[in-house]
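*Asks:* Please find the sequence and the predicted model below.
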Amino acid sequence: MSLQRADVHQALSRILDEESRLLNELEALLREETAILQRDDAVEITGIGSRRQGCVDALTRLDNERTDTCRMLSFGQGGGAVARLHAWSDPSGKLDSLWLANLEIARRCKKINDANGAIVGAKLGRVQKLLMVLRGTAPLPVYGARASRYGSLGSRDLGRA
């Protein structure tokens, strides 16, 4: 293995190890988020959301670093590029094994995140129904498809004293 290959191998090992640590942390956070969502603790939901986003941001940086390495060494982009880079820098296949293990953790994270999204969707649906009862009309959506707030919902007379 040339010095360049050894350097690339070392860099990829570091990326994969850090990615594994972050994915395991993310999985634990998502499981904790499930419990928090079930308890309806708004303060904890906000806090864990920030921690989760920090993990996702760090994972994105690592993925960008891997992608940059692929492009810099002319392996291209996408999953095929990563496989070619791993094969070039590590004929033993250890990097591919680490990569596949990380992909499995990422799949578990996606599954948990999708379940958490379903919990949030169900809770928002209940809130929408309660708003409809209080207002006596069909409510405007509180959040759009990208989780952005709609404009002012306006004030309504909710009862008389």
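*Replies:* Here it is on my side, so go on.
*Asks:* which helices and strands does the top helix by length along the chain pack with?
*Replies:* For the chain, the helix reaching the highest residue count under DSSP state H is reported as helix 94-135. In this structure, helix 94-135 makes packing contacts with helix 3-39, helix 79-89, judged by 3 or more CB pairs under 8 Å, 6 or more residues apart in numbering; DSSP states H and E. Yep, even glycine has a C-beta here, placed from its N, CA and C like the rest.
*Asks:* any chance of those helices in CSV, with mean neighbour count and mean pLDDT too?
*Replies:* Formatted as CSV, the entries for the helices and strands packed on helix 94-135 read as follows, by neighbours: other CB atoms under 10 Å; pLDDT from 0 to 100:
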stretch, mean neighbour count, mean pLDDT
helix 3-39, 16, 94
helix 79-89, 17, 92
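*Asks:* do you know which of those lies nearest residue 121?
*Replies:* Proximity to residue 121, assessed across the helices and strands packed on helix 94-135 by CB to CB, is greatest for helix 3-39 (10.9 Å).
*Asks:* What sits closest to residue 18 if chain neighbours are left out?
*Replies:* Leaving aside its sequence neighbours, residue 18 sits nearest to residue 62 (CB to CB, 6 or more residues apart in numbering; 5.9 Å).
*Asks:* any idea of the mean pLDDT for the helix or strand hosting that neighbour?
*Replies:* If you go by DSSP states H and E, residue 62 is part of helix 42-72. The average pLDDT within helix 42-72 is 92.
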